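**Q** need a structure here:
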Amino acid sequence: MHGGEHPIGVLCGTHVIQILMFLDGNGPSCKTEIYSAVGRSATMPQKIAFLAEAGLVILRRKGISEVVELTELGSAVAGKLREIDAMMA
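**A** You can find the predicted model right below:
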């Protein structure tokens, strides 16, 4: 994954911004819902794990599924991304 020494680098990975914006618009979601909406790349589980490492999402078990949820920081970042998206539209 990208990142280097700059924290914003976490957003450079393919599908990372889309994952955050999906969760912002849909709330806590099972991984399978994210894969269906954003992409079914073989690296999607690692991207979600990287977002968790960065403190942007948390993972919770719900039966046999794993639910992904934005943290407070993740919600704030997603909100700023929505603002940028609106400016560029």
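**Q** contacts and neighbour counts: CA atoms only from here.
**A** Will do.
**Q** Can you name the next helix or strand after whichever helix or strand F50 is part of?
**A** Using DSSP states H and E, F50 maps to helix 44-53. Next in sequence after helix 44-53, counting helices and strands by DSSP H and E, comes strand 57-62.
**Q** got the angle for that following strand vs helix 44-53?
**A** Angle, strand 57-62 to helix 44-53, by axes from the mean of the first three to the mean of the last three Cα atoms, to 10 degrees: 120 degrees.
**Q** Please enumerate the helices of this protein.
**A** 16-26, 31-38, 44-53, 72-88 (DSSP state H).
**Q** Deepest in the core, which of those helices is it.
**A** Ranked by mean neighbour count, these are led by helix 16-26 with a mean of 19 (mean count of other Cα atoms under 10 Å).
**Q** for that one, what is the average pLDDT?
**A** The average of the pLDDT scores along helix 16-26 is 97.
**Q** contacts for it?
**A** The contact list for helix 16-26, computed with Cα atoms under 8 Å, 6 or more residues apart in numbering, reads 10-11, 29, 34, 37-38, 47-48, 51, 68-70, 74-75, 78-79, 81-82.
**Q** repeat that with 10 Å
**A** Helix 16-26 has contacts (Cα atoms under 10 Å, 6 or more residues apart in numbering) with 10-11, 15, 27-29, 33-35, 37-39, 44, 47-48, 50-51, 56-57, 68-70, 74-79, 81-82.
**Q** swap in stretch 49-57?
**A** So stretch 49-57 is contacted by 1-2, 7-8, 10-11, 13, 16, 19-20, 23, 28, 43-48, 58-59, 67-78 (Cα under 10 Å, 6+ apart).
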